[in-house]
Each structure stands twice: as structure tokens, then as C-alpha cells.
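Chemist: how does the following fold in three dimensions:
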Amino acid sequence: MYTLKIRVMFMIQKELIISKGSLLIKYLKNPPRRNVEGSFWTAKQRKANRIHEISYRACFKPQLPNFFITQLTEPGDIVFDPFSGRGTTIIEAALLNRPGISNDVNPVSKIFVEPRLTPPKLEEIKDRLEEINLDNSEKAEIDISMFYHPMTEGEIVALRNYLYNRAMTGTEDYVDKWIRMVATNRLTGHSKGFFSTYTFPPNQAISQEEQKRINKKTGRKPEYKNVKKIILGKSKNLLKDITPEIRDQLVTISKNVKFYSEDATSLDSISNDSIKLTVTSPPFLDVVSYSKDNWLRFWFNKIDQKEVEKKITILKNLNDWSNFISKVFSELYRITKPDGFVAFEVGEVKSGKIKLDEVVAQIGKNNGFDYILTLINKQQFTKTSNIWGVKNNLKGTNTNRIVLFKK
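Modeler: Residues are numbered from 1 along each chain as shown. Coordinates of the predicted model:
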């Protein structure tokens, strides 16, 4: 009876995989003349692992890299993201038994990605937090009183010092790195699950003066938040889908995951013809200042913001953006395996007047790739989409566009 059930389930799963895989295979054999629109990677189609739930500006949903990784790679193939951000591509690749290479000039990226490849057990996190003395009388060297209650500020500063000392003495382990990751993610936000008083959005830190204006407008003042309790609560949520089997797989894969912090136009650490699939989203055109977004995260991790600003590319016009992306594609062509792929996600700029997917399609072809198609995924608006003015579909949906190339 059980053997029959398992066999039936296996056959159904096999049929689903074949059916899912047939979509891109069909397009690869007979590329359409026009863009293809649909709901290719929506939350309704597949529930993502909660290990992904880390707030970060401009991140795409895990279902997106899953769509391309499952159809265009096999277990063991190397998956790459030159603009890794919170690490959605790399984490999803690891969950699918693919090693990855993560690259981002922002050092916060590695802080967010690496610990989720070696997730500790909740009991280990709890025990470690109990060992750490968070003296709530500590005081930051900068004014962050508009974000935090004095006692919360003290706990944050004490944790900051603990983590710094562990890193400097070479005693920082995977549990410490996990605590650092969660604390860095919980610094500011709009709910009780963050260390700060009400601020928005949760994926960046606004300036001190802007926060003062929010406090005045809303009549709020920072209330005490228990730092250890919040870290443990967020950890519990992130680890809900991590079974012993998944943990073992992630830890095994982590041994073959590499982290770089190089300019994406000069990826000297990556060998020629080594990457099977790249899934990425480049810096926005004249929209985002990643350095300003992360100033409080830099402070907490004792990262020199000015040094990071020297590396981060902010592009003010389409010509500069195109030149930068062209250099990126030159490197992508070098490192991509023959018959390898690049899935390049872009948005719409200036209410759709600038279609970056068309620009990228030409850039890819100019650098030697075969342009396959552009997949336009329609999705429902999120609160964050509305905040950033993403209103490229008046009926309440917005789109992301993936330009697919083959070498």
C-alpha cells in the first residue's frame, strides 16, 4: 500500500518536473518573436523557504531564480550572481543542491548570505544569546536616540562590541555569524519585530533627521525592545522550514560556495567558462543609493562607509548605465560555460518610457550572447512597490522582466 503511494507520488512529481521543464526548453528550441508574458514565478505557484525572509532593498522573490535554476541547470552546476544583495539566487541554488558564487561590493551582502548556508539550531542560538552580556547602559558614539530607547541602544552597542571582539580574536563561529546577520536585519523597521521605533521601509535606514520628522509626525518615541528576544523570534521564523536534511544539504553545499566583493566589470577571481547560470538584477538607474540605505548596518558592523562608497556604482543616466552593463556582460560572457545561460532581471524606468530589457537585449548580443527571449512576469502590487512608485500597470499589478541569453 505504502509502496504504491510512493510510486504514484514519484510519477506525479516526475510529470510535474517534465511539464515545468518543457517551457524554457520549448522556447530554447523555437524562440518566440515577441516577449512572453505570464505568471511564471508567483508566490501562489510555489511557497518559498522562510530562510529567504531577510529584508533588503530591490530584492526579487525566490520563485524567480528557482524558475531558471530548476529548468536550466542540474545539481552540481555552478550558479552565479554578480549583484548578490541579500543572496536570493545563492540561497535558492543551495536549497536546490547547486553550489554558487556570490559577488557584491557591499560587504553587508556576505553578512546576510553566508550564515544562512550554515544555519544553527534554535537551541544553539538561544544558548549563545544567554551567554552574551548585553549591558544596557552602553552608549553609541553617534546619535541614534531617534531610533532606539536608551536601554535598547545599550543592548545593541553591547552586542556590537561582542561581535566585533569575536571577529577580531578569531573566535567568531557560525552561531555568532547567524546572530550578527539577524541583528543587522532587525536594526530598523515598522513593526514590533525590529529594534527601532516605527520607521519605514524595513529594508533600509533613513537618516537621523528624517526619523526625527517621523517621530514628530506620528507622535511616537522609541520604546524599549528586548534585543535577545527579537533575535530569537526572528531566528525561529527563519528556521521553520529548515529540516535536518535541508540543514545538512546547506552545510555540505556551503563548502563549495565562494564569496567575492569585486567590481562586476572585473571578476578576476572567476575562471573562464565556469558558470552554468547567472541569475541577477543590476543596480537601478538613478534610483537607489545603497550606501545611504545601509549606513546604520555599516555602523553596527564597524564597516567604513566611505570605503564602500568608493566601490558602489551609482549611474545617473542611461548612457552611463548602458556602458557599465556592457562591461558586466563582457565578463559574464568570459565566465559562462558554452551552452550556459544568463537571466538578467530589469525593471521599467520613468513609468515605462525607458525599457531597459530592450537595452539589455542589445548589449547581450553585442557581447556575443544569443538572445533567447524576454519573460515578462506580472505580479500583484506589494506595499513596498507602492512606496517606490512602481505603478507600471494601472490595474494593480507590476512587472519584472527577465532577459534570457545563451552562450
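
Chemist: quick check, P222 in a helix?
Modeler: No - when classified by DSSP: H, G, I helix; E, B strand; the rest coil, P222 is found to be coil rather than part of a helix.

Chemist: that one is in contact with M146, isn't it?
Modeler: Yes - judged on CB atoms under 8 Å, P222 makes contact with M146 at a distance of 7.3 Å. All C-beta atoms are positioned from the backbone trio N, CA, C, and that covers glycine.

Chemist: tell me, what's touching the two both at once?
Modeler: Counting by CB atoms under 8 Å, 6 or more residues apart in numbering, the shared contacts of P222 and M146 are T197, N215.

Chemist: can you get me a residue count around the nearest residue to F200 once chain neighbours are set aside?
Modeler: Leaving aside its chain neighbours, F200 sits nearest to H190 (4.6 Å; criterion: CB to CB, 6 or more residues apart in numbering). H190 is flanked by 14 other residues according to other CB atoms under 10 Å.

Chemist: from P282, how far off is S266?
Modeler: 15 Å (CB to CB, to the nearest Å).

Chemist: who's more crowded, the two?
Modeler: Taking neighbours as other CB under 10 Å, S266 and P282 compare with P282 leading, 20 against 11.

Chemist: how close does that one sit to I78?
Modeler: 20 Å.

Chemist: all strands of the stretch 1-150 of the chain, in order?
Modeler: With DSSP state E, counting those that start in this stretch, the ranges of strands along the stretch 1-150 of the chain come out as 36-38, 79-81, 100-103.

Chemist: least confident of those, on average?
Modeler: Note on the strands of the stretch 1-150 of the chain: lowest mean pLDDT is at strand 36-38, with a mean of 73.

Chemist: next up, the contacts around the residue nearest the centre of the chain.
Modeler: When the chain is reduced to its mean C-alpha position, the nearest residue by CA atoms, centre = their mean turns out to be R86, at 2.6 Å. By CB under 8 Å, 6+ apart, R86 lies in contact with H52, I54, S55, Y56, C59, S109, F112, V113.

Chemist: between these, which sits nearest V360?
Modeler: C59 (19.0 Å; CB to CB).

Chemist: the closest one: how many residues sit nearby?
Modeler: C59 has 19 nearby residues by other CB under 10 Å.

Chemist: per-residue confidence for it?
Modeler: For C59, the predicted pLDDT is 77.

Chemist: quick revisit: need the contacts of R86 in JSON lines (columns: distance to V182).
Modeler: JSON lines is the format used below for the contacts of R86 (distance: CB to CB, whole Å):
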{"residue": "H52", "distance to V182": "14"}
{"residue": "I54", "distance to V182": "9"}
{"residue": "S55", "distance to V182": "11"}
{"residue": "Y56", "distance to V182": "13"}
{"residue": "C59", "distance to V182": "17"}
{"residue": "S109", "distance to V182": "15"}
{"residue": "F112", "distance to V182": "10"}
{"residue": "V113", "distance to V182": "13"}
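
Chemist: out of those, which comes closest to Q211?
Modeler: Of the contacts of R86, the one sitting nearest to Q211 (CB to CB) turns out to be S55, at 16.8 Å.

Chemist: and that closest one, how far from R180?
Modeler: Taken as CB to CB, the span from S55 to R180 is 15 Å.
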